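K.L.:
my questions are about this predicted structure, shown below with the sequence.
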Amino acid sequence: MTNEKFDSAHLKAQGLTTTSYQAGTKIFSSGEAGDCMYVVESGAVEIATFGTVLDTIGPNDILGEMALIDGAARSATATATQPSTVIAIDKVTFRNLTRDNPDFALEIMGRLVERLRRMNHAQIYFK
């Protein structure tokens, strides 16, 4: 899957800014309210729950989209594993981006499906 829709230059053109995190810093924790999603501009972010690493997110990829979409609490913890810079997309901006650019919404849905398929595949081997 291509990550062109999550390119930091494209998002900065929308007026979004970056936040930097040092390695080992939590970006968000499981159970917190999810008022934004993130795009990794640089570095790497580990997604973990119940002590299990689910994924490592790198540049031009997304995290935190589930809580933004459904309004539920964060289901996992995101921690920078190296110095990282991320771009936060709040709910209003998310709605505008998906309304104005349906390919943006399709890209997010594609990424969610990709992760779900990977998790389903992993469960088969861990039973």
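P.N.:
Yes, it's here.
K.L.:
neighbours of residue 98, just the number please.
P.N.:
As a burial measure, residue 98 scores 17 neighbours (other Cβ atoms under 10 Å). Any C-beta I mention is one placed from the backbone N, CA and C, and that applies to glycine too.
K.L.:
for it, give me its contacts.
P.N.:
104-105, 108 (Cβ atoms under 8 Å, 6 or more residues apart in numbering).
K.L.:
run through the strands of this structure in chain order.
P.N.:
18-21, 26-28, 36-42, 45-49, 52-57, 62-63, 77-80, 84-90 (DSSP state E).
K.L.:
mind listing the residues bridging to residue 37?
P.N.:
residue 89 (DSSP bridges).
K.L.:
I'd say it and residue 64 touch.
P.N.:
Yes - here residue 37 reaches residue 64: they are 4.3 Å apart, a contact under Cβ atoms under 8 Å.
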